[in-house]
Every structure is written in structure tokens, then in C-alpha cells.
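>>> Take this sequence and fold it.
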Amino acid sequence: MSAIESIARRCPDQPAGIPTARQLTPLLTLACGVIALNLAAAQPLLEVIAQSLGLGLAAAGLVTTATLLGYGAGMVFLVPLTDLVENRRLVLRMLALDIVALVAAACAPNATVYLLAAFAVGAATSSIQMIVPLVASLAPEAERGRVVGNVMSGVMIGILLSRPLATLIAQAIGWRGVFAAFAIAVGAIALLLWRALPTLQPAHRLRYAALVRSLWPLVRGERVLQRHALSAILAFGAFNAFWTIVALRLAQPPFGLGAQGIAGFAMAGVGGSVIAPIAGRLGDRGLTRPANVIMHLLIVAAMVLAWLAGEQTPVIGLVLMVAASLLLDIGTVGDQTLGRRAINLVRPEARGRLNGLFTGAFFVGGAAASSLAGLAWAIGGWTLTCALGAAFGIAALLVSLSDGRRGADR
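The predicted structure follows:
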């Protein structure tokens, strides 16, 4: 039981001193969106950061991999602290760590310091998964899905907007200025949350080691978590393979886009966030498996379109590339939404840990895909990168099709 849920049980009529979920939702949606900017900010800047820090072509993928690995580690080792540490203080300390890490990345004199700072940025960004359960616990049962959906839409929009924002800021003040600007933004959000978040103590004192040890039995025993985490790892792998390298491809013929053009292209993916509530409703109607099949087919189709785009005239090629990015984002967001809904239907007493494991799994998978994409780009260019993304999509499709043979109902 989380700290907030314990208070709700003790006080059915919510005390005046604790804000309602409806009151907090707009602020927490904004907060999650701003914090999530960190997760994909380095993707369109991969080449310029790698060159500035002396990273070779094959190692360039580490620029984005470090942040995603940090986020995955935060899911496993930091998010469980919500059952040990007062929630408001924990979130604010995580944001303080985020600010320090962003400043360190902005000032990094070499690749080692940057990669360590980027890992810390990712770990601190896991504060998102401390905020989402907080607002969910404050919401009445009948409104919980809508509230969580609203806050999660902030996360997805933040991730999708981070690429064009990072590109535009880097063009104006350099790549280091991106991290400095995001540190200022997180600082502003931290101030707002310091004023708005209630002080809530954990209902019980578990030992940290015991809490972490409980994660493996959940991974081993929950079939729903296993299926949807694997599906999300593969779908997010295709997503990251594309977005890690696409800025490099768009700078080449036949596109020849500059920084502003790449930023405008990245805006196309924002439209993919509209699928989240639609996918959720499909899951509520018992259509999780067919909806997942559709999402994974969209991912495969997106990678085929992305490959074909490089073989066309500049205008047709750019249209195909925009279509590919939109289909890829729709497929990935839809897969994650269906998976998150499914795992929230099992083991309510372990909901926070299940969400942390699910999210951590696909971000670690995404980090691995970013590294593989860097190698694919160095070895076989855009063709091999698209083949890698398509392979991830096909594997995810096979997972969703196998669910039907096993009688999966979520």
C-alpha cells in the first residue's frame, strides 16, 4: 500500500489539507512532460555531441544509450523508495539530482563525464514513475484511468517534443545550452511541486533490500508482465532504432535537412500520442490482442516506409519519412498503453513495482536498441538500421500472435 493510499483509507472524506487528483492533474501532467524532455533530448544531437566529445561513429549511440540505461536503473532501484521515503521529499530530491546532472552534462569536458552525467539524468527522470502513482492514488476509483491517462499523455508529449525543442535550442545556443535550458525548466517545475505537493509518509517501513528482492518473484511469476514487457521492449527497440539515427539520415541526400528542418520533422511524431486513449478503450473492450497485432503491424510498415523514403525524390521521400515516423509513434504508444493497462489489472498491492518493472524493462531495451542502431548505421547505413527496426517489430508481432495461442486475455 502506498503512502497516499493509506491516507485515503484512513480518511475516506479527503482532508482539506490534501489536494484532490483533479486539482493536481494539470500541474502533474505539465511536470511529467517537462521532466520527460530529458529522455530523448540527445537523439537529434547525437552527431554533434559525439563529435564534440570525441566519440567515434560506432560509439555514437552511447550518447542516447546512457540516459535510457539510467532511466531503467532508476525504475528498478529508485522507484521502490516510494515505499520507504516520504513521497514529497523523495520527488523533490530526485528533481534536485536531475538539475545537478543536467548541469554536469552541459559542462562535461569529455565523453566519460558526459556519459556518467547522462546516466544520472536518466536515473533522476524516473521521478515520473513516482508522480504517476501519486496522482492515481488520490483519484477516486471511477476516475483513476482518466487521471492516469491525462498524466501519461504529458509524459509522451514531453518525449516527442524533446527532439524538436532540443534541435532548435542547440541551433541557437549549442548542444550544451539544451541541457542548461532543461535544467532551468526542471528547476521551475521543482519549485511549483514544492508548493503544491502534500507531505505524505509511507504507511509502513519496509527494508530496502527486501523490497528490491521482491522484484524478481514478480518478474518470474506474473505472465501478464512477462508478455507485455517483452512486447514493449521490442516495440520501443524499433522506436529507438529509428529516432536515434533518423537525424543523421535526414542530413544526407536526398533530404539535406538542416537543424530547423530536422526539428520540424520531429514534430510529426507528436501526433502519435493521440492513440493512447483510443488504445486504452480498445483494451477495456477486450480487444487487447487484436489491437496489439495492429500496433506491431504499424511498426513494421513504418520501418519499410522509412527505408523506401531514402530511395525517392526529396519531396516524396520526406512525405514517406513523416508517414513512417507517425506510424511508428502510434504503434509504440499504443503498445505501451495496452501493456500498462493490462499490468494494472493484476496484483493491486504490487502495482507500483509492476509499473516500475514494466517501464524499466522497455527503456533498458530501448537503450540496447540505440547502441545496436549506432552499430547498424556504421556497418550498413540506413538500410541496415531500418532492417533492425523491422526485425524488432516482427518479433513484437510474433509475441502478440503467440498470446492468442496461449489464451491470453489481457
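
>>> Would you mind measuring from the closest residue to A101 other than its chain neighbours to I49?
Nearest residue to A101, sequence neighbours excluded (C-beta to C-beta, 6 or more residues apart in numbering): A120, at 3.7 Å. Where you see a C-beta, it was placed from the backbone N, CA and C, and this is true even at glycine. Here A120 is placed at a distance of 16 Å from I49 (C-beta to C-beta, to the nearest Å).

>>> next one: A170
The span separating A170 from I49 equals 9 Å under the rule C-beta to C-beta.

>>> okay, the two: which has more neighbours?
Comparing A170 with I49 by other C-beta atoms under 10 Å, the one with more neighbours is I49, at 25 against 22.

>>> Run a quick check on the residue nearest to A101 versus M94, I expect a contact.
No. When contacts are counted by C-beta atoms under 8 Å, A120 is not listed as touching M94 (10.8 Å).

>>> all strands of the stretch 201-350 of the chain, in order?
Counting by DSSP state E, counting those that start in this stretch, the stretch 201-350 of the chain has no strands to list.

>>> can you pull out the helices in it?
Per DSSP state H, counting those that start in this stretch, the stretch 201-350 of the chain has helices spanning 208-213, 215-221, 223-250, 259-266, 275-284, 288-309, 314-343. These are given in chain order.

>>> Report the next helix or strand after the helix or strand of the chain with the lowest mean pLDDT in sequence order.
Averaged element by element with mean pLDDT, DSSP states H and E, the chain has its least confident helix or strand at helix 3-10 (a mean of 38). As assigned by DSSP states H and E, the chain's next helix or strand after helix 3-10 is helix 21-40.

>>> So for that next one, what gets flagged as buried?
Within helix 21-40, the residues that qualify as buried are 21, 24-25, 27-29, 31-40, counting by 16 or more other C-beta atoms under 10 Å.

>>> what sits against N292?
Taking C-beta atoms under 8 Å, 6 or more residues apart in numbering as the contact definition, N292 lies against S231, G334, D335, L338, S400, D403.

>>> can I get those residues in TSV with neighbour count, distance to I394 and pLDDT?
Shown next, in TSV, are those (neighbours: other C-beta atoms under 10 Å; distance: C-beta to C-beta, whole Å; pLDDT from 0 to 100):
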residue	neighbour count	distance to I394	pLDDT
S231	26	12	95
G334	26	17	87
D335	31	14	90
L338	25	18	85
S400	27	11	91
D403	21	15	70
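
>>> Y71: which of the residues you listed is nearest?
When the contacts of N292 are compared for distance to Y71 (C-beta to C-beta), D335 comes out closest, at 17.7 Å.

>>> quick one: low-confidence ranges for the stretch 151-300 of the chain?
With pLDDT under 70 as the threshold, the stretch 151-300 of the chain has low-confidence stretches at 200, 202-206, 276, 280.

>>> switch to 80 and redo it
151-153, 199-207, 211, 259-260, 263, 266-285 (pLDDT under 80).

>>> Kindly report the same for the stretch 1-150 of the chain.
1-22, 56-61, 80, 82-84, 132-150.

>>> try 50 this time
Low-confidence segments of the stretch 1-150 of the chain, defined by pLDDT under 50: 1-16.
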